[in-house]
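**Q** Give me the fold of what follows.
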Amino acid sequence: MSEQHGAERDGAEQLAALEAVLMVIEAPASLEELAGAIEASEVRTHELLQELREDYDGLRGTRVRGFELRHVGGGWRIAARAAHAEPVSRLVLEGQTARLSQAALETLAVIAYRQPVSRARVGAIRGVNVDGVVRTLVARGLISETGTDKETGASLFGTTPAFLERLGVDSLEELPPLSPLLPGIEDLEEFS
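**A** Numbers count the residues shown, from 1 in each chain. From the prediction side, this is the model:
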């Protein structure tokens, strides 16, 4: 067997191994984690990720797949294409109430923009008790405890990588600025 043929086989095996890992992970995996899993350099792993992405997007002479390779939540994962959200939702969510209530969405927004923030501070901003809503958001994995307030000892909350993944962003910096959405928010910032 020639050296080139052996290298091609090894490359194909690495590609298949990477694809297998991406198929079974539950949360986005970093480049470092993926490289460790397939025992390849980060540079090589990045090349393989790009090859998979091009393959799934139909850029390598194959058909466009119903799934795509995404970089979200600080890592890589395979996900259904947005164009197919409706049939996927019908199957996955049938009979479930997966939507967040308006109260949960408002609480999640306050936490996303103010983190780390205490439950009491979120309640003061919203003007209502948020204990039940915070429990729901923690149970759904969208927020978690990030520490304690040094002055009050209260638990502080922040968003999780699952939150970023659901929004389809890599970091909180990609969230839109609040000012255009809420005129007068600058005045509120002074009292925080």
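**Q** where are the low-confidence patches of this protein?
**A** Across the chain, residues meeting the criterion (pLDDT under 70) sit at 1-9, 92-98, 179-192.
**Q** Strands of that one, start to end?
**A** Secondary structure of the chain (DSSP state E): strands located at 67-72, 75-80, 117-118, 143-148, 155-159.
**Q** Could you list every helix and strand in contact with the fourth one?
**A** Same thing as strand 143-148. With contacts taken as 3 or more C-beta pairs under 8 Å, 6 or more residues apart in numbering; DSSP states H and E, strand 143-148 sits against helix 131-139, strand 155-159. Glycine gets a C-beta too; all of them are placed from N, C-alpha and C.
**Q** Return the residues in contact with T159.
**A** 108, 111-112, 115, 142-143, 172 (C-beta atoms under 8 Å, 6 or more residues apart in numbering).
**Q** What is the nearest of the residues you listed to S30?
**A** Of all the contacts of T159, S30 sits closest to L172, with 17.2 Å by C-beta to C-beta.
**Q** got the buried residues for stretch 111-126?
**A** 111-114, 116-119, 121-123, 125 (16 or more other C-beta atoms under 10 Å).
**Q** among the residues you listed, which are in helices?
**A** Among these, the residues falling in helices (DSSP state H) are 111-114, 119, 121-123, 125.
**Q** what's the spacing between H84 and H71?
**A** With the distance defined as C-beta to C-beta, to the nearest Å, H84 ends up 19 Å from H71.
**Q** hmm, I was thinking of V122
**A** Counting by C-beta to C-beta, the gap from V122 to H71 is 30 Å.
**Q** what's the answer for P87, then?
**A** For P87, the distance to H71 - C-beta to C-beta - is 24 Å.
**Q** Could you do G141 as well?
**A** 20 Å.
**Q** Could you do G123 as well?
**A** Taking C-beta to C-beta as the measure, G123 falls 35 Å from H71.
**Q** What about T62, how many residues nearby?
**A** If you count neighbours by other C-beta atoms under 10 Å, T62 ends up with 11.
**Q** returning to that earlier point: reformat the helices and strands packed on strand 143-148 as TSV; add distance to L49.
**A** Converted to TSV, those look like this (distance: least, C-beta to C-beta, whole Å):
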stretch	distance to L49
helix 131-139	31
strand 155-159	25
